[in-house]
Each structure stands twice: as structure tokens, then as C-alpha cells.
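[1] take this sequence and fold it.
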Amino acid sequence: MKLLFQWLITAAALVAAAYVVPGIRVEGNGLTVVLVTAVILGVVNTFIRPVLAFLSCGFIILTMGLFMLVLNALSLWLASSIAVNWFDVGFYVDGFWPAFLGALIVSVVSFLLSLVLKPGGD
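    Here you go, the predicted model:
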């Protein structure tokens, strides 16, 4: 139940990012596109992002954690690329800076929604 809840929060955060950031767009059936992209982003964050964080731990320490923002942007950009090229889903991120701003928005919206909409009964 908690995984489903987090998936829906990520999907809502992706909708917010697509609405606010000019370089992020959704084409096709919006609900399906966002839900599939949320799953892909979850898989990227689970398996690929820790490897990237480990390989770039020197940069993370040197920048006092700010390099994690770059890793979040690369994760969103990679998830968009996988969604478009492998699954033919229309979630487009047009470059690094839209990915950077989109990752910031996804992080903030996910955090706020997780605070406000706490799943009950753990």
C-alpha cells in the first residue's frame, strides 16, 4: 500500500513539473504517460541513482551535497529517455536545465505531498 501511495505522489509531482517547467511536456494520454513515467523514475531511483551517487561521492562531498541535485536531474532525464525510447511513452525532457528544474519541483512536491498526505496505519 505504501508503494502505491508513493507511486501516486511521484506521478502528481511529475504532473506539477510538466505544468511548471517549459522544457518538460507530456504528449498522448496524460494519465497513462505520467503513471508509466513515475514507475520508470522509481526504478531509475532504486537501481541506477545509487550507483551514480557511489561513483560521484567525491563530488558530493566536495560540493557538500549539492551535486545530488545534478544526479536528480540526470535521473529524471534518463527516466524520460527510457520512457520515450523504450516504452514509447510521451514524457519529454528537452535538456539538462529543464531536467534540473523539473527534478527540483518533483523533489519539493513529493516531499510536501508526503508530509500532507500521510498513509495511515503502518
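[2] and the pLDDT for the residue positioned nearest the centre of the chain?
    Centre of the chain computed as the mean C-alpha position; nearest residue by Cα atoms, centre = their mean is residue 76, 4.6 Å away. If you check residue 76, the pLDDT there is 96.
[3] that one should be in a helix, yeah?
    Yes - assessed by DSSP: H, G, I helix; E, B strand; the rest coil, residue 76 belongs to a helix.
[4] identify the residues contacting it.
    17, 41, 93, 99, 102, 103, 106 (Cβ atoms under 8 Å, 6 or more residues apart in numbering). In this view, the C-beta of every residue, glycine as well, is placed from N, C-alpha and C.
[5] the first one: which element?
    Using DSSP states H and E, residue 17 maps to helix 2-20.
[6] quick one: low-confidence residue ranges for this protein.
    Applying pLDDT under 70 to the chain picks out residues 119-122.
[7] residue 41 touches residue 10, doesn't it?
    Yes - using Cβ atoms under 8 Å, residue 41 is in contact with residue 10, at 6.2 Å.
[8] mind listing the strands for the chain?
    For the chain, applying DSSP state E gives strands covering 24-27, 90-93.
[9] just to revisit the earlier point, centre of the chain to the helix holding residue 17, how far?
    Helix 2-20 has its C-alpha centroid displaced from the chain centroid by 8 Å (Cα atoms, centre = their mean, to the nearest Å).
[10] contacts made by that helix with the rest, please.
    Residues from elsewhere that reach helix 2-20 (Cβ under 8 Å, 6+ apart): 24-26, 30, 34-35, 37-39, 41-42, 76, 91, 101-103, 105-107, 109-110, 113-114, 117, 119, 122.
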